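> sequence plus predicted model, see below.
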Amino acid sequence: MQTQNNGEILPSGNAFDHVRIARHPERPYAWDFIERLFVNFIELHGDRRFADDPAVICGFAKYKKWEIFVIGQQKGRDTKQRRLRNFGMSKPEGYRKAIRAMKHAEKFGRPIVCLIDTPGAYPGIDAEERGQAEAIAHSLFSMATLSVPIISVIIGEGGSGGALAIGVGDAVLMFENSIYSVISPEGCAAILWKNSAEAPRASESLRLTAGDLLELKIIDGIISEPVGGAHTSFDEAAKAFDGALEKALGDALELTPVERLRLRYNKLRSFGFENSGGLMW
């Protein structure tokens, strides 16, 4: 790990440094990017079945020349907001709200932009009683079958099924100090070595950094961050995001719906294969 005089973490070859930066309390969240990149954002609330989940933000917006739909996970900046947003841990109604938003986007032919930032889906008993796993599975199925373009961007933490639920996309981008993993380093360390203090060791094994995941072809591109992390300059981070998003969205819109669905299917089917070039419909 490297540090500056002010104590800020600088990324090095250590995967756990990226974990710490991804979790930095001053890192830009979904709302920060929505305010900087999109205009005329109109938020939708509620899943029309149980309640509204403030951990998930959904709404219409305009980006450049395109009318789009935005879905984001929001952690909350202060104690009051973190409690309200449940630290970004979505409940079933959050995923069902996202599904409702996706169906609106499909109906009106609007591309979807997903901003992923969660330590994971909320594991509480009440969430399990209301069908947390089913809601995540339904979200995955819905995203895999939508004909409109989908761009998913991991802006901070991409934790387990909670992140994957809105992570199916024609292009999946990732900020260079973000993380994306099936389990947290602490959880992995507790299982494998019975000691959560082994989280740095687990981080290396999980291959959760942007560089690792690009090499494994789990993601499609890396968005650069200011020196020290995105929290050092929201505007610089948003500028880099803007360039990457414009290209990814433009590329996705050049495809026909049939082409998008075929490529999305082949991409999902290729995960876990060393050579993914031979998969076809």
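Happy to help now that I have it.

> which other helices and strands contact the lengthiest helix in the chain?
Secondary structure of the chain per DSSP state H: the longest helix is helix 234-253. Counting by 3 or more Cβ pairs under 8 Å, 6 or more residues apart in numbering; DSSP states H and E, the packing neighbours recorded for helix 234-253 are helix 30-37, strand 66-73, strand 150-159, strand 171-175, strand 221-223. For glycine as for every other residue, the C-beta is placed from the backbone atoms N, C-alpha and C.

> how about 7 Å then?
Here helix 234-253 touches helix 30-37, strand 150-159, strand 171-175, strand 221-223, going by 3 or more Cβ pairs under 7 Å, 6 or more residues apart in numbering; DSSP states H and E.

> who touches Q132 in this structure?
92, 121 (Cβ atoms under 7 Å, 6 or more residues apart in numbering).

> Y122 versus that one, what's the distance?
The spacing between Q132 and Y122, counted by Cβ to Cβ, to the nearest Å, is 7 Å.

> low-confidence ranges in the chain?
In the predicted model, the chain carries pLDDT under 70 at residues 1-13, 274-281.

> quick check: closest non-adjacent residue to K64.
E246 (6.2 Å; Cβ to Cβ, 6 or more residues apart in numbering).

> then N86?
Distances taken as Cβ to Cβ, 6+ apart put A55 closest to N86, at 4.8 Å, once the chain neighbours are dropped.

> gap between the two ends of stretch 126-137?
18 Å (Cα to Cα, to the nearest Å).

> circling back: so which bits of the longest helix of the chain are buried?
Under the neighbour-count criterion of 16 or more other Cβ atoms under 10 Å, helix 234-253 has 234, 237-238, 240-242, 244-245, 248-249, 252 buried.

> any chance you could map the helices in the stretch 101-250 of the chain?
125-129, 132-145, 160-164, 185-193, 199-206, 210-215, 234-253 (DSSP state H, counting those that start in this stretch).

> quick one: residues in contact with the last one.
Just to be clear, that refers to helix 234-253. Here helix 234-253 has contacts from 28, 32-33, 36-37, 64, 66, 111, 113, 149, 151, 170-171, 173, 221, 223-226, 230, 260, using Cβ under 7 Å, 6+ apart.

> the next helix or strand after that helix versus helix 234-253: what angle between them?
Using DSSP states H and E, the helix or strand that directly follows helix 234-253 along the chain is helix 257-270. Counting by axes from the mean of the first three to the mean of the last three Cα atoms, to 10 degrees, helix 257-270 lies at 110 degrees to helix 234-253.

> for helix 257-270, C-alpha coordinates in PDB please.
Coordinates of each C-alpha in helix 257-270 appear next as PDB, following Å, rounded to 0.1, in the frame of the first residue of the first chain:
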ATOM      1  CA  PRO A 257     -32.200  -5.600 -31.200                       C
ATOM      2  CA  VAL A 258     -31.600  -9.100 -32.600                       C
ATOM      3  CA  GLU A 259     -27.800  -8.500 -32.800                       C
ATOM      4  CA  ARG A 260     -27.800  -7.100 -29.300                       C
ATOM      5  CA  LEU A 261     -29.600 -10.100 -27.900                       C
ATOM      6  CA  ARG A 262     -27.400 -12.600 -29.700                       C
ATOM      7  CA  LEU A 263     -24.200 -10.900 -28.500                       C
ATOM      8  CA  ARG A 264     -25.500 -10.600 -25.000                       C
ATOM      9  CA  TYR A 265     -26.400 -14.300 -24.900                       C
ATOM     10  CA  ASN A 266     -23.100 -15.400 -26.300                       C
ATOM     11  CA  LYS A 267     -21.200 -13.200 -23.800                       C
ATOM     12  CA  LEU A 268     -23.100 -14.600 -20.800                       C
ATOM     13  CA  ARG A 269     -22.600 -18.200 -22.100                       C
ATOM     14  CA  SER A 270     -18.800 -17.600 -22.500                       C
END
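
> what residues sit buried inside it?
260-261, 264, 267, 270.

> that'll do, ta.
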